[in-house]
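K.L.:
Sequence and predicted structure below; questions after.
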Amino acid sequence: MSNVLEKAAELAEALEVCEEMKNMKDKEAAIKQDPEASTILNSYFQMQNELYQLQEMGKEPEAELVAQFNEVQNKMETNIHIAEFYKCQEELGKLLQKINGLISKAITGEDPTECAPS
């Protein structure tokens, strides 16, 4: 059992210094240095939370709130720092999916990347 934990610790250390993680942290730092990007993200998360709360209460959001939310989403897509951050986050996610696939294969004996028979 300790060998498995040692390997997990090695994996964690490798992830911490891998290119995908480094890129994502660099892009995250760039967002923090860009007041416009920070404002856009704060607005996005605040509106997202507000929309979620309305949904939980079974209420429809007002058209104005939806329009504002869509506008903030557009700003996110056009802000270079935010766009680059999400691109790096996606690349890290792909790496983590591959790692998860390897672990799943070791547990189940099946390759999760192969299509299931129909």
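P.N.:
Perfect, I can see it now.
K.L.:
so where does the spatially most central residue of the chain fall, helix or strand?
P.N.:
In the chain, the residue lying closest to the centroid (Cα atoms, centre = their mean) is residue 89, at 5.2 Å. Secondary structure from DSSP states H and E places residue 89 in helix 80-108.
K.L.:
Which other helices and strands does that helix contact?
P.N.:
helix 19-33, helix 35-56, helix 63-78 (3 or more Cβ pairs under 8 Å, 6 or more residues apart in numbering; DSSP states H and E). The C-beta positions use only the backbone N, C-alpha and C, and glycine is treated the same way.
K.L.:
Dump the C-alpha coordinates for the last one into CSV.
P.N.:
Only the C-alpha atoms of helix 63-78 are listed here, as CSV (Å, rounded to 0.1, in the frame of the first residue of the first chain):
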residue,chain,number,x,y,z
ALA,A,63,-34.4,39.3,-19.1
GLU,A,64,-32.2,42.2,-18.1
LEU,A,65,-30.1,39.9,-15.8
VAL,A,66,-29.8,37.3,-18.5
ALA,A,67,-28.7,39.9,-21.0
GLN,A,68,-26.1,41.3,-18.6
PHE,A,69,-24.8,37.8,-17.9
ASN,A,70,-24.5,37.1,-21.7
GLU,A,71,-22.6,40.4,-22.0
VAL,A,72,-20.2,39.5,-19.3
GLN,A,73,-19.7,36.1,-20.9
ASN,A,74,-18.8,37.9,-24.2
LYS,A,75,-16.3,40.1,-22.3
MET,A,76,-14.7,36.9,-20.9
GLU,A,77,-14.3,35.5,-24.3
THR,A,78,-12.7,38.6,-25.7
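K.L.:
what helices or strands is that helix leaning on?
P.N.:
helix 35-56, helix 80-108.
K.L.:
what pLDDT, on average, does it get?
P.N.:
Mean pLDDT, helix 63-78: 95.
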